[in-house]
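>>> Show me the folded form of this:
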Amino acid sequence: MKKIFIVFIVCCLLLSISGCGGEQGGEYSCTIRITCGELLENIDLLDEEKRSLVPEDGILLDDCVVSFSEGDSVFDILLRAVRENNIHMEYSTSPVFNTSYIEGIGNLYEFDCGAESGWKYSVNGEIPSLGASAYDAGDGDIIEFFYTLEAGEF
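Model prediction:
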């Protein structure tokens, strides 16, 4: 009887720590894609040596579901997605401002296709006014990082 009681107490403790039902551990999911379709329309502006990096359909990463925890930023999700899919990415961080800046994805970098070219992102079809590292992802969001020739414009 004593063993059963101890097992019961241990099970109760484990359930109270791990939670039961619903979203355990604060896990959520979203969809992310990475595209560079605008380059297809302006391929002549891109250095010849970089043209082979642009996929025929302009998609570097097709819709990919990524799990994340509450408080993860859109940048955190991008970083996870490129690592899991072996896509090259370079970025710089500023600890003072707690921000990250995307320099290049898939070896396509800012300024490769003009003075205003680079990477932007949208969430559910809207382009936020916050950087990706400052924008918290939401459950079910559709995130797209895209290469544009007008990165400086919002």
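>>> Ramachandran angles for the residue positioned nearest the centre of the chain?
Nearest residue to the geometric centre of the chain (Cα atoms, centre = their mean): L78, 2.0 Å. The phi/psi pair for L78 (degrees, to the nearest 10) reads phi -60, psi -50.
>>> my guess is it contacts A132, does it?
Yes - using Cβ atoms under 8 Å, L78 is in contact with A132, at 6.5 Å. In short, each C-beta sits where N, CA and C put it, glycine included.
>>> shared neighbours, those two?
Residues touching both L78 and A132 by Cβ atoms under 8 Å, 6 or more residues apart in numbering: 102, 121, 145.
>>> Of those - the most surrounded one?
F145 (25 neighbours; other Cβ atoms under 10 Å).
>>> what pairs with that residue across the strands?
On the basis of DSSP bridges, F145 is bridged to I34, Y121.
>>> got a list of what it touches?
Contact analysis of F145 by Cβ under 8 Å, 6+ apart lists 32-35, 78, 102, 105, 119-121, 132.
>>> switch the cut-off to 10 Å
F145 sits next to 32-36, 60-61, 74-75, 77-78, 81-82, 89, 102, 105, 119-122, 132 when contact means Cβ atoms under 10 Å, 6 or more residues apart in numbering.
>>> swap in I143?
30-34, 64, 66, 74, 77-78, 81, 121-124, 132, 135, 137.
>>> Among the residues you listed, the buried ones, what's the ChimeraX command?
Remark: buried members of the contacts of I143, expressed as a ChimeraX selection using 16 or more other Cβ atoms under 10 Å:
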select :30,31,32,33,34,64,66,74,77,78,81,121,123,132,135,137
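>>> Tabulate the shared contacts of L78 and A132 in a markdown table, adding columns for pLDDT and distance to D47.
Listed next are those as a markdown table, based on pLDDT from 0 to 100; distance: Cβ to Cβ, whole Å:
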| residue | pLDDT | distance to D47 |
| --- | --- | --- |
| I102 | 96 | 19 |
| Y121 | 97 | 24 |
| F145 | 98 | 21 |
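>>> Okay, and which of the contacts of I143 map to helices?
Counting by DSSP state H, the part of the contacts of I143 found in helices is 74, 77-78, 81.
>>> Which one of these is nearest to E48?
The closest of the ones in helices among the contacts of I143 to E48 turns out to be L78 (Cβ to Cβ; 28.1 Å).
>>> ranges for the helices of this structure?
All helices of the chain, identified by DSSP H, fall at 2-18, 37-41, 74-84.
>>> That concludes my questions; thank you for your assistance.
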